[in-house]
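Asker: quick check, what structure comes out for this input:
(2 chains)
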Amino acid sequence: MRALLIKESGLLLLFLAVGLTVCTSLVFGQGYRDTFVTPENRYFSELSLVWGLLGLLYGWIVGAIEGMRGAEDYLYHRPLSAARIHWYRLAWHVLAVLAVMFLPFVALYVVGSSPFEASFWEMGGPKLAGSSWMLASFGVGFLGANLPLHFAWRLALTAFPFTLWVLGPDMDRGIKQEIASSATLFFSKNWFVAGITLLAGWHAFVAGSDRDRPIGPMLVLPIALLLVATGWSSHLLLNLAAEELAKSSRAVYLGQSQDGSIHPVRRVYDTDRNESRMYQLDPKSHARLIEDPSLRRLGQWDGTGSRIRTASARRVSSSFLEASPLWHLEAFAHAPTGFMRHYLVSKDQRGSVVVLGRPEGAFSAQAELLAKAREPWDATTVVGDPSDGTIWLCDWNDPKPAYQQVDSVDRFVRWIGMYGSFEDRVIQSLREELGQSSAEVPTTWAFFQTDQGFGWLDVRQRRTGTIPPETVAWIQDEFALTPPSGPFVSRTNRSLLFPAYEVRDPQGNVLYRYAWEPRTRTEQVAYAGQLALSWWRSPLVAPIAFANPNSMVAVPDGEPNPVLPDAWLSPRSLPHGVVSWTAWSLWSLPAWGFLVGLALVTRRYLTGLGAQGPRLWLWPVAILAFGIPAALAMRLFETRRAYRSPALLRPEEVPPMWIRSVG
Amino acid sequence: MQHSIEFHEVYRHFDQHAVLRGLNLAIPPGQIYALLGRNGTGKTTAIRILMGRLAPHHGTTRVLGHDSTTFGPSERAAIGYVTEGHALYKELSVAQTLSFEAGTRPGFHRKFAEDALGRMGIGRRKAVWQLSRGQHAQLSLIVTLASVPQVLVLDDPAMGLDVVVRREFLDAMIDFLADKGTTVLFSSHILTDVERIADRIGILHSGRLRLDAPLEELKSRVQTRMWTRSGAAAAPMEPEILRARQVSGGYELTLLDVTSATVDRLTQTGARLSDAWTPSLEDLFLALTADDSPVGWSLPLSPPLLHQGR
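Answerer: Got it, this is the predicted structure:
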């Protein structure tokens, strides 16, 4: 409606000017790299700070502005339905949000940017999907502004999600991972969230902001959304506490000093000197005692003789950027499209993105990027594509970098690792087998599994070869073979909260016992927070998490888990996983008992207020389903003031008429 | 006769504070009704309930026979509503305001509005925030009246306006409403304005009407006299006394429906009663609502007086 456009024009123009300026500068400028390209959460991304905050603020302003300037009565007292005014008004603002979301990308496409020429649409998808975050935030802000609560409450409830993003950078990363896993799903989810929150905002608006009346049926949807959002955010907070705890616990492991003594150990990475330092820890307080460079991390073995893993044989994961402030080259596989994203940082620290596939098109979805060693490698990335067994190299010193195939005798199956990932004795053995001199430093070797056995790749020389069968035993030894020759760690209990370990020698004699507990202030706060939040969040989350395999973290049960060395103390296993299910069920029992009690008290409270009909059983059911947040929401909305009946005004309190016309 | 505006046993509270406690009021078509009351007595609450912007806890309100809680576009089309503070969008120009109104009110008479603006000397290119307070109020009234409402409701239209601007605003209102037959309900606490334009007044106090009568009738029924008696004397206690204000040498009595018997009772103990004069509306307002005023003194509510005039 044009008339409403006139009225909204001031706000619309302001938002368009700010939004387009900020978002366009992000898309075109240096800051763009932090939006999606950097997977490590070293920066707080624009995803939350700009798109999230901008959307949330704008939604809040659109929802609250008429009330704030006292123009609601003026606006809605018209010979038009309030719904029509509302929806037309909203339509203009949603269009503005969409413009800010899409126009910078359109401009980028039109103006042209060479890195995007190859596959703008393939790689533009995730970014466009990410921009939909603004629309969802807009809906949340709009709903928050329309809730029938005191202004401060509305502000607090709306600010809550954003505060979570700010306080929890892991959530930011989680969102980015979600985009990376399925941009379409993320896009759809945001549109769904926007739709449902705008609808709920409308319901709340129609119900009005009258706090002195019991809530009406129109508010059911906003309240339900509020509960779901609270449950969702508390679940995120729970994971945040768990992550913090896991981070602390992962940093502590058992190590052996040169003199044979065994200690809890923490490795501290010195980013300035680009090296790690090993410290002995006090087992009681986890306080650092002394630096001990000779400390060697002990591997874990479950004692069944099936496998052992040691820290030194661990493949370097793709998160090699960890703790490194700046690297020259990083590449990311993007499985859904089969293109590789390469994030380049020049010496002047300006970032840019290049998207490449195979010369004839995309890699297969199974294509695997070779993870690199700690040291900055040659500017070369290597991709193996098991779909046709090919290996591809891209040299970034080339003015026109492109992937080129490397001839290989056998078909590539998977990467095993590269020099730097293996103990020296493995490399030395291999070197001898290949007849190379010890003076040669084979820093550019990579190893891979083939359909026939194992192969090696000399990245610098661009040649491949087959590893002699007799050498293979050495490699396999490191991954999955014999019982340990030295002390090893085994777990002695199945406690999910307080795992206990002991160190044994190969003959089975116990050398050292250790039980992990939260020791430091941070660990204790995170632990207490996790326990509190596991009570606070909806009881429905546990079965949902159980039913959703993606949300689970594998917990060892008999067979040691490949991720065990990193996750052996992870408290994430508490709410997730098959093994933890039994324990979790037991843990839930007192929580459910508490909620049943709370539901009964609620019913009694509502009866006392004078509530009638469905609300007498709806709230108790909501409490059983959503837990403590539902009880708080009930208390927030079902107040004594809302039920204060005129009948409570005694007749003698009511002053009668003094003068009435006799005419 | 169907009334244009009706309140029937309307109750409304905010938290523990009861604002309306059984408000009953009926305004016939064509009448200009002034709803008076001190600050916080519920004038705005009553009007917002009438406009369907606030729900009553008990009772009903109707405009032109339609329940306020179920107003639709057609009902709202017949009602002009000038909100407290003359809400307009300040960032718009006067011309844009007219366009906005014309686009959202199908029955909007743009020519009427433009003519009226011309008469008031309000430039169309000016932004609303650039208008003086008086012009702002006039613009608000003009855009409301340009829809030719059958019922006009104004919530404290003189609030914040100085005496000159108020006069301009009222003149404009009188000018526009002349011979239109529009029913008007307006709230105010500026009594001189009320005396100029109202046919009938109601005084809202303690949650319900304390007075509901035509202005002329009030003038004929209410009078003020000086009551003096030698020596220290307590104030007289008679049911006809609305207020007894202590002044030098005696009391100034505001009296309702005085008869010769009343005069006899007041003078029988040797006291003297001066000739009567008609109190101003302000005096009457004070008599009815200043029971807790530090400068005045009034009789406590006594049952016989409560039913006076029924």
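
Asker: by proximity to chain B, which residue of chain A wins?
Answerer: Proximity to chain B, evaluated over chain A using Cβ to the nearest Cβ, is greatest for A:A3 at 2.3 Å. For the C-beta atoms, the positions are set from N, CA and C on the backbone; glycine is no exception.

Asker: where does the residue lying closest to that residue once chain neighbours are set aside sit, in terms of helix or strand?
Answerer: The spatial neighbour of A:A3 that comes closest, neighbours along the chain excluded (Cβ to Cβ, 6 or more residues apart in numbering or on different chains), is B:G103 at 2.3 Å. Taking DSSP states H and E as the criterion, the element that holds B:G103 is helix B:94-104.

Asker: assign the residue lying farthest from the centre of chain B to helix, strand or coil.
Answerer: Residue distances from the centre of chain B (Cα atoms, centre = their mean) peak at B:G231, which lies 41.3 Å from the mean C-alpha position. Using DSSP: H, G, I helix; E, B strand; the rest coil, the structure places B:G231 in coil.

Asker: next: B:W227.
Answerer: The three-state label given to B:W227 by three-state DSSP is strand.

Asker: for it, which residues are in contact?
Answerer: When contacts are counted by Cβ atoms under 8 Å, 6 or more residues apart in numbering or on different chains, B:W227 is found next to B:P236, B:A244, B:G250, B:Y251, B:E252, B:L253, B:L266, B:A271, B:R272, B:L273, B:S274.

Asker: residue contacts, the last one?
Answerer: What that stands for is B:S274. Going by Cβ under 8 Å, 6+ apart, the list of residues near B:S274 reads B:R225, B:M226, B:W227, B:T228.

Asker: of those residues, which is the most crowded?
Answerer: Neighbour counts for the contacts of B:S274 were taken using other Cβ atoms under 10 Å in any protein chain shown; the highest belongs to B:W227, which has 23 neighbours.

Asker: who's it bridged to?
Answerer: Beta-bridge partners of B:W227, counted by DSSP bridges, are B:Y251, B:L273.

Asker: likewise for B:L36?
Answerer: Note on B:L36: beta-bridge partners B:S188, B:I203, judged by DSSP bridges.

Asker: now do the same end-to-end measure for stretch B:173-184.
Answerer: As for stretch B:173-184, its first-to-last residue distance stands at 10 Å under the measure Cα to Cα, to the nearest Å.

Asker: so which bits of that stretch are buried?
Answerer: Taking 16 or more other Cβ atoms under 10 Å in any protein chain shown as the basis for neighbour counts, the residues of stretch B:173-184 that come out buried are B:M173, B:F176, B:L177, B:T182, B:T183, B:V184.

Asker: what of stretch B:281-291?
Answerer: Applying a neighbour-count criterion of 16+ other Cβ under 10 Å, the buried positions in stretch B:281-291 are B:L281, B:D283, B:L284, B:F285, B:L286, B:A287, B:L288, B:T289, B:A290, B:D291.

Asker: assign the nearest residue to A:G627 once chain neighbours are set aside to helix, strand or coil.
Answerer: With Cβ to Cβ, 6+ apart as the criterion, A:G627 has its nearest non-adjacent residue at 4.8 Å, and that residue is A:S538. Following three-state DSSP, we place A:S538 in the coil state.

Asker: count the neighbours of the residue of the stretch 51-200 of chain B found nearest chain A for me.
Answerer: Residue nearest to chain A within the stretch 51-200 of chain B (Cβ to the nearest Cβ): B:G103, separated by 2.3 Å. Other residues near B:G103 come to 17 when the count uses other Cβ under 10 Å.

Asker: you'd agree A:G455 is up against A:T466?
Answerer: Yes. Applying Cβ atoms under 8 Å as the test, A:G455 and A:T466 come out as touching, 5.4 Å apart.

Asker: higher neighbour count, these two?
Answerer: Each of A:G455 and A:T466 has its neighbours counted (other Cβ under 10 Å); A:G455 has more, 23 against 15.

Asker: in strands, which of the buried residues of stretch B:173-184 fall?
Answerer: Judged by DSSP state E, strands contain the following of the buried residues of stretch B:173-184: B:T183, B:V184.

Asker: pLDDT and distance to A:R411 added to the buried residues of stretch B:173-184, as a markdown table?
Answerer: Conversion of the buried residues of stretch B:173-184 to a markdown table gives the following (pLDDT from 0 to 100; distance: Cβ to Cβ, whole Å):
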| residue | pLDDT | distance to A:R411 |
| --- | --- | --- |
| B:M173 | 80 | 92 |
| B:F176 | 78 | 91 |
| B:L177 | 78 | 94 |
| B:T182 | 89 | 91 |
| B:T183 | 93 | 92 |
| B:V184 | 92 | 92 |
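
Asker: closest to B:V148 out of the buried residues of stretch B:173-184?
Answerer: B:T182 (8.5 Å; Cβ to Cβ).

Asker: where does chain A have its least confident helix or strand?
Answerer: The weakest-scoring helix or strand in chain A, judged by mean pLDDT, DSSP states H and E, is helix A:564-567 (a mean of 29).

Asker: against B:G134, how distant is B:L191?
Answerer: Distance, B:L191 to B:G134, using Cβ to Cβ, to the nearest Å: 20 Å.

Asker: now swap in B:R208 and tell me
Answerer: Using Cβ to Cβ, one gets 34 Å for the distance from B:R208 to B:G134.

Asker: now swap in A:K400 and tell me
Answerer: With distances taken as Cβ to Cβ, A:K400 is found 73 Å from B:G134.

Asker: between those two, which is the more surrounded one?
Answerer: It is B:G134, of A:K400 and B:G134, that has more neighbours when counted by other Cβ under 10 Å, with 19 against 4.

Asker: check contacts around the more buried one.
Answerer: Neighbours of B:G134 in contact, by Cβ under 8 Å, 6+ apart: B:L161, B:V164, B:V165, B:E168, B:F169.

Asker: so which strand or helix has the residue in the stretch 201-310 of chain B that chain A sits nearest to?
Answerer: Using Cβ to the nearest Cβ, the point where the stretch 201-310 of chain B gets nearest to chain A is B:A213, with a distance of 3.9 Å. If you go by DSSP H and E, B:A213 is part of strand B:208-214.

Asker: repeat for A:A145
Answerer: Assignment of secondary structure by DSSP H and E places A:A145 within helix A:120-146.

Asker: would that helix count as contacting chain B?
Answerer: No. Helix A:120-146 lies apart from chain B when judged by Cβ under 8 Å from any Cβ of the partner chain; the minimum separation is 15.5 Å.

Asker: does anything pack onto the strand holding B:A213? Which helices or strands?
Answerer: Under the contact criterion of 3 or more Cβ pairs under 8 Å, 6 or more residues apart in numbering or on different chains; DSSP states H and E, the helices and strands touching strand B:208-214 comprise strand A:659-660, strand B:17-27, strand B:200-205, helix B:281-289.

Asker: closest one to A:P217 among the ones you listed?
Answerer: Taking the helices and strands packed on strand B:208-214 one by one with Cβ to Cβ, strand B:17-27 is closest: 25.4 Å.

Asker: which parts of the closest one are buried?
Answerer: When neighbours are counted by 16+ other Cβ under 10 Å, the buried residues of strand B:17-27 are found to be B:A18, B:V19, B:L20, B:R21, B:G22, B:L23, B:L25, B:A26, B:I27.

Asker: good, we can wrap up now.
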